[in-house]
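Asks: let me see the structure of the following:
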Amino acid sequence: MTIPPEKIAVVVPCYRCLDHIEDVLARLGPEVAQIVVVDDACPQGTGRHVEATVTDPRIRVLYQDENTGVGGAVLKGMAYAREAGADILVKVDGDGQMAPELMERFVSPIAAGRADYTKGNRFHAYQLVKDMPYGRLIGNGMLSFLTKLASGYWNVFDPTNGYIAISGAVFDELPLKKMQPRYFFETDMLCELGLLRAVVMDIPMRAIYGDERSGLSPIREIVPFFWLNVVRFLRRVIYNYFLRDFSMGSIYLITGVPLLLFGLVFGTWQWAALAAAGLSASAGTVMLAALPVILGFILVLNFLAIDVTTVPKESLHPRLGDALK
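Replies: Sure, this is the predicted structure:
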């Protein structure tokens, strides 16, 4: 690595992971200076168990008075580590699904100034997904596309992957109090990073599925995730294309969306009215509905094509004066 180990901190949120926590902590190597275990009101008393049985002097245990979700625990741990001097913050779950030995892959791009944020991607190759449960495979695929729209990071996949690392300087810029604390946390992180124009990089990894149970059901969460992504998509578009800048993408939107909506509404109204009267639509009526739909659809596609090319490519944290040395 190109960064001294005293600059790296690992945050381990804990909730019902008592059976795996000791093994996870034991596998964190000397490249890590701080290990922050956050007991998220764990009913198994994981935090107290760590304090009583693990003697690693790098470990500090924090406690949540009530369960806030993985996001709330991670943000608390990262804020603590940042105040203690860490320049790169890594999150590793305490349930054993993430191999601590992969940490250098996540930290190195940030230390080298090539990325501001790195995250795991279990879909990088067929060998990495063949053992994944089908429910997770399908659910994550749908959630990934929604997140691409909401965040603007068309170059990343697997948004709910919790193996992440972030530059401390970029972490300082996040609106921590406004971020979603529970299952939407990783996606919300990407959306906030997108507004900052931070560089995000996927890191190929293999997920480990043992006897641990995930509380996230992608199929069940698709509806709330959908609405949260819609809100963040609209916020991103308004900010990036009408407040921060005004480009051809903006023009495509303000012309394409009204045309598309007019064609769909007019066409549906005419079809319903004519069907009720038992009449057929004239060629002029069909063209008046179809032409705006076709033109609007093409313009919206042009907007998406521009949006794909605007993925951030220049790391943010070197320009923020981060202390990585």
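Asks: any low-confidence regions in this structure?
Replies: Scanning the chain for pLDDT under 70 picks out 1-6, 127-133, 135-136, 139, 207-221, 321-325.
Asks: which parts of it are strands?
Replies: 8-14, 34-39, 59-63, 88-91, 117-121, 164-167, 200-204 (DSSP state E).
Asks: who does the longest one touch, helix- and strand-wise?
Replies: The reference is to strand 8-14. helix 18-26, strand 34-39, helix 46-53, helix 69-83, strand 88-91 (3 or more CB pairs under 8 Å, 6 or more residues apart in numbering; DSSP states H and E). Backbone N, C-alpha and C define where each C-beta goes, glycine included.
Asks: one step back: mind giving me TSV with the strands of the chain and columns for mean neighbour count?
Replies: Conversion of the strands of the chain to TSV gives the following (neighbours: other CB atoms under 10 Å):
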stretch	mean neighbour count
strand 8-14	28
strand 34-39	26
strand 59-63	17
strand 88-91	28
strand 117-121	25
strand 164-167	26
strand 200-204	19
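Asks: could you redo these as JSON lines and give each row distance to Ala275?
Replies: Below are the strands of the chain laid out as JSON lines (distance: least, CB to CB, whole Å):
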{"stretch": "strand 8-14", "distance to Ala275": "56"}
{"stretch": "strand 34-39", "distance to Ala275": "60"}
{"stretch": "strand 59-63", "distance to Ala275": "64"}
{"stretch": "strand 88-91", "distance to Ala275": "56"}
{"stretch": "strand 117-121", "distance to Ala275": "48"}
{"stretch": "strand 164-167", "distance to Ala275": "53"}
{"stretch": "strand 200-204", "distance to Ala275": "49"}
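Asks: follow-up on the earlier one: nearest to Thr187 among the helices and strands packed on strand 8-14 would be which one?
Replies: helix 69-83 (10.0 Å; CB to CB).
Asks: partner residues bridging the closest residue to Gly47 other than its chain neighbours?
Replies: Excluding its sequence neighbours, the residue lying closest to Gly47 (CB to CB, 6 or more residues apart in numbering) is Asp39, at 2.9 Å. Counting by DSSP bridges, Asp39 is bridged to Cys14, Tyr63.
Asks: scan this protein for its longest helix.
Replies: Taking DSSP state H as the criterion, the chain has its longest helix at helix 248-277.
Asks: just checking, Val38 touches Met78?
Replies: No - in this structure Val38 lies outside contact range of Met78 using CB atoms under 8 Å: 9.4 Å.
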